[in-house]
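Colleague: Give me coordinates for this.
(2 chains)
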Amino acid sequence: MDKAQIARMLEEIGVLLSLKEDSNVYEQRAYENATRALNGLDGDIEQLVKDKKLKGTPGLGPTIIKRIEEAINTGTISFLDELRAQTPAIKLQMLRLPGIGPKKINAIYDHLKVTSMAELEQACKENKVAHLPGFGKKTQDKILEGIDFLSKHTERHRINVAEHEAEQIRAALATLSEVVRLEVAGSLRRRRETVKDIDIVLSVADNADDAIRMKIMDFFTSQPSVATITGKGTTKSSVVLHSGIAVDLRVVTDSHFPYTLHHFTGSREHHIPLRRRAQNMQMTINDYGLFKIVEGKEELVPCQTEADMYAALDMQYVPPELREDMGEIEAATRYALPDLITEHDLQGIIHAHTTYSDGKNTLKEMAEACIERGYSYIGITDHSKAAAYAGGLTLQELEEQWAEIDRLNAEYAGRFRILKGTECDILRDGSLDYDDEILARFDFVIASIHSNFQLSETEQTQRMIRAIENPYVNIIGHPTGRILLERAGYAINLEAVIDAAAEHGVCIEINANPARLDLDWRYVHRARDKGIKVPIGPDAHTLAGLDDMRYGIGVARKGWLRASDVPNTMDAETLLRFFQERRNKKK
DNA sequence: GCCGTTTTCGGCCCGACTGTTTTCAGTCG
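Modeller: Got it, this is the predicted structure:
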């Protein structure tokens, strides 16, 4: 029983509580908070429980600690089992319908006793739902639309897909002369790995009238990417794009812009403690302002930017990526937030493929594309021989690649450098796909798992740790193997992997491919705290793949990384020395 | 269910929007 499993149980309790007839939203929220508190804890949960270390953790009170102990001792939480037994599956399914929440779900269930979405759809078509107390025709239609929508669309979208759509719309809106400020907000601005919808906040001059607002809304809802308009007013309009992503546009006067941008950037979890802090300082925050309460009256605290808002709350500016209630508020009040890495800090690329294995572009094309993008080196890492599916390189092919690299490096004469790397398969038993004599000839080695995903967590973790112990390994590639929205990662104890990497001076990469974004940002923070260096690699198989670095930067920032935590902010010489140091230590 | 620079009880972020009502509950972000 590990932390993640218990956290999932607590989360499920929260969801099931919301569906109880006499539910208490604060009890439900307590379980949500506890879920995050638990996920943020460092160390082995069984040990923490044994040592009675949970007491005092914010968000974990006596009741929930008892439930955690029960989960560890018995493998189950009886309270959760009871809730599961009490909750019909259809209620959980209905929770996914937009505009329908626990109260309406219970009303539908109690009166109509539907047991499936098909039965609910039938009941709507027979006009039964519209006649329930508190319901009407519109709600019934909304349920039908929701059932239709869910059958067509997945719930979330990868960041690159959402960002592309958002950028098209943002660029179009930016052409309007009435627009003063314009920004994409929401989880996209926070650089979450997947997003549910796109939020855009736009400001007009403070004296702009409704006609100007409506002109903007008309322009927005008539964009070619818009499939359906789901709401349209002078302050807010909502659409669904052909790609299935929902987009909300909010139009405010420019003096409201920072407050509205902040509000719609979220996260909700960040706002709750932030507003509590405001309250303690006799202030209140809403979508339209930050107010000081003086003799019972609200006085606007004038802010030009979000930074002004945080300053008014006597705290450091919190960059959007950190707004997840993962310790940033407490750190900001101590003015102790890290100076986060930016794309500008990167000097080179580590982890890219060429036509020698499964890449689509040649060595030279990849190098030239890096030069164009302002990088001073690229670490080429084609697959190793076991990766037959990906055209892994034999020793003979390695010799050819190395010769070509030497030739090109001579041509570049120090202006640019290609590093000889490999993405070497970690074999089933944790040994590497090349012998040490070959590994020693690379400038650096990334070790990755590409096979035997089905091993048990213990076996997979041991396999990974054995690879980490190999003195030639510099970096662990995509440590969980997850493919976002498609495939969960293989079972592995990431904490144990992080501890082993810290002990042996091995880096763990942030794979910047938007389908991976692995190491997950929630663990990046933890790895950093253990002193692990975290390179950002695009895992590029094409020239365009090199542009994925931006997503890796987002994950790095979400993981609180500074430039000094990321090896590819070093110049080539320093980086090579850094990689070499590990081998020297081990010999 | 958690929590405490007035509190161990009585709060818990805040407001807009929608649809159903005739003053408000539910949902959402």
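
Colleague: who does the longest helix anywhere in chain A touch, helix- and strand-wise?
Modeller: Longest helix in chain A, counting residues (DSSP state H): helix A:395-412. Using 3 or more CB pairs under 8 Å, 6 or more residues apart in numbering; DSSP states H and E, the elements in contact with helix A:395-412 are helix A:363-372, strand A:377-383, strand A:417-425. (Glycine included, C-beta is placed from N, CA and C.)

Colleague: centre of the chain versus that helix, how much separation?
Modeller: Centroid separation for helix A:395-412 versus its chain: 37 Å, with CA atoms, centre = their mean, to the nearest Å.

Colleague: Average pLDDT for that helix, rounded please.
Modeller: For helix A:395-412, mean pLDDT is 96.

Colleague: Now do the end-to-end distance for stretch A:484-496.
Modeller: End-to-end distance of stretch A:484-496 (CA to CA, to the nearest Å): 23 Å.

Colleague: in it, what counts as buried?
Modeller: Using 16 or more other CB atoms under 10 Å as the test for burial, stretch A:484-496 gives A:484, A:489, A:490, A:492, A:493, A:494, A:495, A:496.

Colleague: Ok, stretch A:412-423 next?
Modeller: Buried positions in stretch A:412-423, judged by neighbour count with 16+ other CB under 10 Å: A:416, A:417, A:418, A:419, A:420, A:421, A:422, A:423.

Colleague: which of those residues sit farthest apart?
Modeller: Maximum pairwise distance among the buried residues of stretch A:412-423 (CB to CB): 21.2 Å, between A:416 and A:423.

Colleague: And for the closest residue to residue A:361 other than its chain neighbours, the neighbour number?
Modeller: Spatial nearest neighbour of residue A:361, excluding adjacent residues (CB to CB, 6 or more residues apart in numbering): residue A:543 at 5.4 Å. When neighbours are counted by other CB atoms under 10 Å, residue A:543 registers 18.

Colleague: and chain A, what are its domains?
Modeller: Annotated domains of chain A cover A:3-86, A:89-152, A:157-259, A:266-333, A:343-586 [automatic domain parsing].

Colleague: Just name the most buried of those.
Modeller: domain A:343-586 (a mean of 20; mean count of other CB atoms under 10 Å).

Colleague: just to revisit the earlier point, just the buried residues of stretch A:412-423 now: which is nearest residue A:45?
Modeller: For those, the nearest to residue A:45 is residue A:423 (32.9 Å; CB to CB).

Colleague: Pretty sure the closest one sits against residue A:386.
Modeller: No: in this structure, residue A:423 is not within contact of residue A:386 by CB atoms under 8 Å, at 11.2 Å.

Colleague: wait, which of the buried residues of stretch A:484-496 is closest to DNA strand B?
Modeller: Taking CB to the nearest atom of the strand as the measure, residue A:484 is the one of the buried residues of stretch A:484-496 closest to DNA strand B, at 20.2 Å.

Colleague: Distance of residue A:283 relative to DNA strand B?
Modeller: Distance of residue A:283 to DNA strand B, computed by CB to the nearest atom of the strand, to the nearest Å: 8 Å.

Colleague: and that residue, what are its bridge partners?
Modeller: Applying DSSP bridges to residue A:283 yields these beta-bridge partners: residue A:292.

Colleague: hang on, isn't it packed against residue A:294?
Modeller: No: Residue A:283 is beyond contact range of residue A:294, at 10.1 Å (criterion: CB under 8 Å).

Colleague: do the stretch of helix or strand residue A:34 belongs to and DNA strand B meet?
Modeller: Using DSSP states H and E, residue A:34 falls within helix A:25-39. Yes: looking at helix A:25-39 against DNA strand B by CB under 7 Å from any atom of the strand, the contacts come from A:26, A:27, A:29, A:30, A:31, A:33, A:34.

Colleague: thinking again about what came up before, what's the angle from the longest helix of chain A to strand A:377-383?
Modeller: If you take axes from the mean of the first three to the mean of the last three CA atoms, to 10 degrees, helix A:395-412 sits at 170 degrees to strand A:377-383.

Colleague: any residues touching helix A:395-412, and which ones?
Modeller: Here helix A:395-412 makes contact (CB atoms under 8 Å, 6 or more residues apart in numbering) with A:354, A:356, A:363-364, A:367, A:380, A:382, A:385, A:393, A:417-418, A:420, A:422, A:438, A:441.

Colleague: What of stretch A:421-431?
Modeller: A:350-351, A:353, A:379-384, A:386-387, A:392-393, A:398, A:432-434, A:439, A:442-452, A:455, A:462-467, A:470, A:473, A:477.

Colleague: Among the residues you listed, which lie within helices?
Modeller: Using DSSP H, those in helices are A:398, A:439, A:462, A:463, A:464, A:465, A:466, A:467.

Colleague: so which helix or strand takes in residue A:551?
Modeller: Residue A:551 belongs to helix A:549-558, assigned by DSSP H and E.
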